[in-house]
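Novice: structure of the sequence below:
(chains A, B, C and D)
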There are 2 protein chains.
Amino acid sequence: MVTSVDGDVLKVLADPLRMQIVRLLAREALCTTHLVEETGAKQTNLSNHLRALRDAGLVDTEPCGRFTYYSLRPEAIAALAAELAGLAATAREASAAGRRRSC
Amino acid sequence: MVTSVDGDVLKVLADPLRMQIVRLLAREALCTTHLVEETGAKQTNLSNHLRALRDAGLVDTEPCGRFTYYSLRPEAIAALAAELAGLAATAREASAAGRRRSC
DNA sequence: GTAACGTATCAGCCCATGGTGACGTCAGTC
DNA sequence: GACTGACGTCACCATGGGCTGATACGTTAC
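Specialist: Have a look, this model is predicted:
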């Protein structure tokens, strides 16, 4: 299949807290301390979610002294957006053509 | 916030079987029987997932005798794609400007 | 060195959710 | 009417994954 929407990325983004992190990181790079303040979540919890985001290739980390800056990787999000847009285009086309499999 | 990526839609799409259903429905409208053949999943299981997709506004149903046709709603997918694209654009801009919060 | 701080890892609990079987409902066929 | 096939709903079980506390590690300040 040409466009295989990455299930892992979707699963990672499906969590509300991780989505909130992604939204915050889209605006500016932050370190864990900031995210604790912004989200109100425990540091341990955030560290787990950040690891999930890192493993999925959604964020980059940059150590800075004893801090660690997290920043969003626009390509990852853009790739997912493009794949979904392609899916939507296919569906629109199929819908316009009234394509359906007979029973 | 202007763009609030719908967490429900993401959560629904995060399931691999549901994503497979969405991909199949993007090409043509199908009824449950077809989906059972294509996916190999149990009818009951599919019915549950289809309900989730319907509740999330991702698919439309159209009764046809004793069959039920399911079709993808392109708008729902397109809206999600657009929101994600917006997020990616914001992130790209922030990254280019080197925006980061000081510790 | 020691203390304080930022961050990561681990083990455990608990809840949400996917899968399944039994059953009910509705439409078409005889 | 009785039967069959298409779908949906419900109750149950099992697994996954999110949250937490304890703890470890590395860095900076004193």
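Novice: can you tell me the centre-most residue of chain A?
Specialist: Among the residues of chain A, the one closest to the centroid is residue A:13, at 4.4 Å (C-alpha atoms, centre = their mean).
Novice: what residues are up against it?
Specialist: For residue A:13, the contact set (C-beta atoms under 8 Å, 6 or more residues apart in numbering or on different chains) comprises A:19, A:22, A:58, A:80, B:5, B:10, B:14. (C-beta placed from N, C-alpha, C; glycine too.)
Novice: change it to 10 Å
Specialist: Neighbour list for residue A:13: A:19, A:22, A:53, A:56, A:58, A:76-77, A:80, B:5, B:7, B:10-11, B:13-14, B:84, B:87 [criterion: C-beta atoms under 10 Å, 6 or more residues apart in numbering or on different chains].
Novice: now swap in residue A:28 and tell me
Specialist: A:34, A:69, A:71-72, B:90-91, B:94-95, B:97-101.
Novice: in the longest helix seen in chain A, what's buried?
Specialist: Identified as the longest helix of chain A according to DSSP state H is helix A:74-96. For helix A:74-96, a neighbour-count test (16 or more other C-beta atoms under 10 Å in any protein chain shown) marks A:74, A:76-92, A:94-95 as buried.
Novice: roughly how far is that helix from the heart of the chain?
Specialist: Helix A:74-96 sits 15 Å away from the centroid of its parent chain (C-alpha atoms, centre = their mean, to the nearest Å).
Novice: compute the inter-axis angle for that helix and helix B:74-97.
Specialist: 160 degrees (axes from the mean of the first three to the mean of the last three C-alpha atoms, to 10 degrees).
Novice: which strands or helices does helix A:74-96 pack on?
Specialist: helix A:7-14, helix A:16-27, helix B:16-27, strand B:67-72, helix B:74-97 (3 or more C-beta pairs under 10 Å, 6 or more residues apart in numbering or on different chains; DSSP states H and E).
Novice: save those as JSON lines, and put in mean pLDDT too.
Specialist: Formatted as JSON lines, the helices and strands packed on helix A:74-96 follow (pLDDT from 0 to 100):
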{"stretch": "helix A:7-14", "mean pLDDT": "92"}
{"stretch": "helix A:16-27", "mean pLDDT": "97"}
{"stretch": "helix B:16-27", "mean pLDDT": "97"}
{"stretch": "strand B:67-72", "mean pLDDT": "96"}
{"stretch": "helix B:74-97", "mean pLDDT": "96"}
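Novice: distance to residue B:39 for these - can I get that in JSON lines?
Specialist: Below are the helices and strands packed on helix A:74-96 laid out as JSON lines (distance: least, C-beta to C-beta, whole Å):
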{"stretch": "helix A:7-14", "distance to residue B:39": "15"}
{"stretch": "helix A:16-27", "distance to residue B:39": "28"}
{"stretch": "helix B:16-27", "distance to residue B:39": "6"}
{"stretch": "strand B:67-72", "distance to residue B:39": "12"}
{"stretch": "helix B:74-97", "distance to residue B:39": "19"}
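Novice: could you dump these to a markdown table with distance to DNA strand D?
Specialist: Shown next, in a markdown table, are those (distance: least, C-beta to the nearest atom of the strand, whole Å):
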| stretch | distance to DNA strand D |
| --- | --- |
| helix A:7-14 | 7 |
| helix A:16-27 | 5 |
| helix B:16-27 | 10 |
| strand B:67-72 | 3 |
| helix B:74-97 | 18 |
